[in-house]
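Student: coords please:
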Amino acid sequence: MLRRGAAGDVISALLRETGAAQICWNRLYDPADIARDSALKTRLTDDGIAVTSCPGNLAFEPWSIRTGADGPYRVFTPFLKACLAAPGPDSPFTAPKSLTPPATWPASDDPGTWGLLPVRPDWAGGLRDSWRPGEAGAAARLATFLDERLPAYARERDRPDIEATSRLSPHLHFGEISARQVWHAIGHAEAAGVQGTAKFRAELVWREFSHHLLYHFPDLPARNWRDAFDAFPWLDDADGFRAWCRGRTGYPLVDAGRRELWTTGYMHNRVRMVAASFLVKHLLIDWRRGADWFMDTLVDADLANNSASWQWVAGSGADAAPYFRIFNPVKQGERFDPEGAYVRRWVPELARLPDRYIHAPWTAPATVLSEAGVVPGRTYPVPCVDHATARNRALAAYEKVKVASQN
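Tutor: Numbering: from 1, shown residues only. This next block holds a predicted model:
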């Protein structure tokens, strides 16, 4: 049953129509969701409705994992250890064999009238081809991952040219599968002797850590975790940002990721890190602009994961990557897409280049470029910034943050 409108008004009307005396929902942890649900709970309780909120979207409630000083964790590794030492989430309940339906169903909106699908132009074809939304799609995705990819997960998870990851993130975000279900599925695989479970469980706990941070520090999406980063000299580079968004930076791995995102609504995690690092450290563009773009374009856009991960890459966040770690997009491509299969798929204008030049086409001899049909600056852009120059500029910018942190 689908309805739209202010939550309090819509749900109150539904309760009157049905005569229901109790309402239950799974908790959400974004600041806006907490405010909405708290206000709704107060309103309904005042009206005599029994309200129950349940832990359904995380394996551990954000307030249940505490440091020895009874505070929130700020570093991932001890948080991971605390989660692994804590009693795990209860096993999922078995689905009931049947439910008694109401004699008369309340009215539902027709989602076709909501105007949600793009028409002119219809840019969602790649999303439809890539995803099967819903519980059945989530269950199938988990089963495929456990049967075919989990054993090699720890070894191959950073390879964008290989189908090695679970791709469960959008299903988790929209509640089509629960972290509890995934947690126990990992446990069953581990008991059966399947390899890769420890690394995959740690990635699930990273999701928990992101929600833990957002719950305890609700300004995470808008403010630098580390105040010293307020001194960072961000640039207002409209051309650079446009090139990054459109996959036209001249760095094939970065551009392949942007085009994968534009087509499918998804980007491989290793490429996300490289692309985010490029925006922040090569172009010196504020991490919040990149975070906003990801929230607008990713099918698995999640405020907690997105904010924590962007701040991690920028160096401004909790348990952040060292500021001097500036990914070289060429070396990252050579290491994690060694045969160029990922780049060739998403940047087809470079497909005929030999492997040795696929991640740095500007280094190819003119004869090689000609044979591959590549004309620098015409069929594929030249790099929008030189890596060595950009790296030195970023390190100089981070020195200002370092000085600010010492004052």
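Student: by contact count, what packs against the helix or strand encompassing residue 309?
Tutor: Using DSSP states H and E, residue 309 sits within helix 303-314. Helix 303-314 sits against helix 197-216, helix 269-277, helix 287-297, with contacts defined as 3 or more C-beta pairs under 8 Å, 6 or more residues apart in numbering; DSSP states H and E. The C-beta positions use only the backbone N, C-alpha and C, and glycine is treated the same way.
Student: please enumerate residues in contact with it?
Tutor: By C-beta atoms under 8 Å, 6 or more residues apart in numbering, the surrounding residues in contact with helix 303-314 are 29-30, 169, 207, 209-211, 213-214, 220-221, 224-225, 229, 272-273, 276-277, 280, 287-288, 290-291, 294-295, 298, 317-321.
Student: wait, a strand at residue 71?
Tutor: No. Going by DSSP: H, G, I helix; E, B strand; the rest coil, the assignment for residue 71 is coil, not a strand.
Student: distance check, it against residue 199.
Tutor: Computed as C-beta to C-beta, to the nearest Å, the residue 71 to residue 199 distance reads 28 Å.
Student: how about residue 117?
Tutor: 37 Å.
Student: kindly report the same for residue 146.
Tutor: As judged by C-beta to C-beta, residue 146 and residue 199 stand 14 Å apart.
Student: and the helices in the stretch 251-400 of the chain?
Tutor: 252-264, 269-277, 287-297, 303-314, 329-336, 341-346, 366-372, 387-406 (DSSP state H, counting those that start in this stretch).
Student: dump those helices into CSV; add mean pLDDT and distance to residue 110 as well.
Tutor: Formatted as CSV, the helices of the stretch 251-400 of the chain follow (pLDDT from 0 to 100; distance: least, C-beta to C-beta, whole Å):
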stretch, mean pLDDT, distance to residue 110
helix 252-264, 97, 28
helix 269-277, 97, 36
helix 287-297, 97, 26
helix 303-314, 96, 29
helix 329-336, 98, 45
helix 341-346, 98, 37
helix 366-372, 97, 51
helix 387-406, 90, 51
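Student: quick one: low-confidence parts of the stretch 151-300 of the chain?
Tutor: For the stretch 151-300 of the chain, no stretch is flagged by pLDDT under 70.
Student: ok, back up a step: among residue 71 and residue 199, which residue is more densely surrounded?
Tutor: Taking other C-beta atoms under 10 Å, residue 71 and residue 199 do not tie; residue 199 has more neighbours (13 against 9).
Student: who's in contact with the more buried one?
Tutor: Taking C-beta under 8 Å, 6+ apart, we find residue 199 in contact with 153, 154, 157.
Student: residue 235 reaches residue 284, doesn't it?
Tutor: Yes. If you go by C-beta atoms under 8 Å, residue 235 and residue 284 touch, sitting 4.3 Å apart.
Student: closest one to residue 94 among the helices of the stretch 251-400 of the chain?
Tutor: Residue 94 lies closest to helix 303-314 among these, at 29.7 Å (C-beta to C-beta).
Student: could you dump that closest one to PDB, C-alpha only?
Tutor: Taking Å, rounded to 0.1, in the frame of the first residue of the first chain, the C-alpha atoms of helix 303-314 are listed here in PDB:
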ATOM      1  CA  LEU A 303      24.000   9.200   4.100                       C
ATOM      2  CA  ALA A 304      26.000   7.400   6.800                       C
ATOM      3  CA  ASN A 305      28.200   5.400   4.400                       C
ATOM      4  CA  ASN A 306      28.600   8.200   2.000                       C
ATOM      5  CA  SER A 307      29.600  10.900   4.500                       C
ATOM      6  CA  ALA A 308      32.000   8.700   6.500                       C
ATOM      7  CA  SER A 309      33.700   7.300   3.400                       C
ATOM      8  CA  TRP A 310      34.200  10.700   1.800                       C
ATOM      9  CA  GLN A 311      35.600  12.200   4.900                       C
ATOM     10  CA  TRP A 312      37.900   9.100   5.200                       C
ATOM     11  CA  VAL A 313      39.300   9.700   1.700                       C
ATOM     12  CA  ALA A 314      39.600  13.400   2.300                       C
END
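Student: before we move on, the earlier item: who's more crowded, residue 235 and residue 284?
Tutor: Using other C-beta under 10 Å, the more surrounded residue of residue 235 and residue 284 is residue 284, with 19 against 13.
Student: fine by me, thanks again.
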